[in-house]
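In: no sequence for this one, just the structure:
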């Protein structure tokens, strides 16, 4: 009776310790938004590691650009070929449209100031 109880206790402890062990994921250090990746992985019971040889998974970010936001998918690949989407987070879009507007405004003001300088040049004579 004690032997069966001891086996059950050891089995329970081993299951609990196995359940608490997180799978390790490696992301290159130059990955953007690494802090958001860390939080998303932590919620899914993954551990972010700095050493690629100690990792069970290799991670990458896949970006999808929507009109009002940018979606980043955290894609995990195993050396055996399995891949999993471990999480998703959204960010506001990069200011690409703002840059085009700034270039257009700069070109307009550049033309206006050059016309003013040209006019002042001819007024001087």
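Out: Structure's in. What do you need? These numbers come from a predicted model, not from an experiment. Numbering: from 1, shown residues only.

In: and the strands in this structure?
Out: Secondary structure of the chain, counting by DSSP state E: strands at 23-26, 46-49, 57-65, 70-77, 83-91.

In: need these in TSV (columns: distance to residue 119).
Out: For the C-beta atoms, the positions are set from N, CA and C on the backbone; glycine is no exception. TSV is the format used below for these (distance: least, C-beta to C-beta, whole Å):
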stretch	distance to residue 119
strand 23-26	63
strand 46-49	62
strand 57-65	44
strand 70-77	45
strand 83-91	46
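
In: of those strands, which is nearest residue 32?
Out: Across the strands of the chain, residue 32 has its closest neighbour in strand 57-65 (7.0 Å, C-beta to C-beta).

In: name the nearest residue to the residue positioned nearest the centre of the chain, ignoring sequence neighbours.
Out: By C-alpha atoms, centre = their mean, the chain has its centre lying nearest to residue 33, at 4.5 Å. Closest residue to residue 33 apart from its sequence neighbours, by C-beta to C-beta, 6 or more residues apart in numbering: residue 72 at 6.7 Å.

In: how close does the one you found get to residue 29?
Out: Computed as C-beta to C-beta, to the nearest Å, the residue 72 to residue 29 distance reads 17 Å.

In: for residue 63, see how far away residue 57 is.
Out: 19 Å.

In: cool, and residue 70?
Out: Residue 70 is 6 Å from residue 63, by C-beta to C-beta.

In: check residue 77 too.
Out: Separation of residue 77 from residue 63 (C-beta to C-beta) stands at 17 Å.

In: return the residues in contact with residue 56.
Out: Each residue near residue 56 by C-beta atoms under 8 Å, 6 or more residues apart in numbering is listed here: 23, 24, 25, 78.

In: just to revisit the earlier point, which of residue 77 and residue 63 has more neighbours?
Out: The neighbour comparison of residue 77 against residue 63 (other C-beta atoms under 10 Å) goes to residue 77, with 14 against 11.
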